[in-house]
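>>> below is the structure, and that's it, no one-letter string:
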């Protein structure tokens, strides 16, 4: 989900470039558009035990 919202390819997960900045993965910084992140989007799924308490 993180990669999807940054609008980056699978190469983001390549360990050989782990210390590169995010800009390394963007071919054209001027025209790159990340996906809009709606307010209150949760990147982490809740466990059943967390949902039961709501």
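Here it is on my side, so go on. Predicted, not measured: the structure shown is a model, and the values here were computed from it.
>>> now the strands for the chain?
Applying DSSP state E to the chain gives no strands.
>>> give me the low-pLDDT residue ranges for it?
Residue ranges of the chain with pLDDT under 70: 53-54.
>>> same thing but at 90, please
1-2, 37-54 (pLDDT under 90).
>>> just the helices in it please.
2-6, 48-52 (DSSP state H).
>>> out of the ones you listed, deepest packed?
Mean neighbours per residue, mean count of other Cβ atoms under 10 Å, is largest over these for helix 2-6, with a mean of 12. (Each C-beta comes from the backbone N, C-alpha and C, glycine too.)
>>> which one of the helices of the chain lies nearest to residue 42?
Of all the helices of the chain, helix 48-52 sits nearest to residue 42, with 10.8 Å by Cβ to Cβ.
>>> looking at the helices of the chain, which is nearest to residue 41?
Closest approach to residue 41 among the helices of the chain is made by helix 2-6 (8.2 Å; Cβ to Cβ).
>>> and the contacts of the closest one?
9, 10, 12, 13, 22, 34, 35, 37, 43 (Cβ atoms under 8 Å, 6 or more residues apart in numbering).
>>> at 6 Å instead, please
The contact list for helix 2-6 (Cβ atoms under 6 Å, 6 or more residues apart in numbering) reads 12, 34, 35, 37.
>>> and if you look at stretch 35-54?
1, 5, 7.
>>> picking up where we left off before, could you export the helices of the chain as a markdown table, including distance to residue 26?
Output for the helices of the chain, formatted as a markdown table (distance: least, Cβ to Cβ, whole Å):
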| stretch | distance to residue 26 |
| --- | --- |
| helix 2-6 | 9 |
| helix 48-52 | 35 |
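>>> nearest to residue 18, out of those?
Closest among these, using Cβ to Cβ: helix 2-6, at 14.2 Å.
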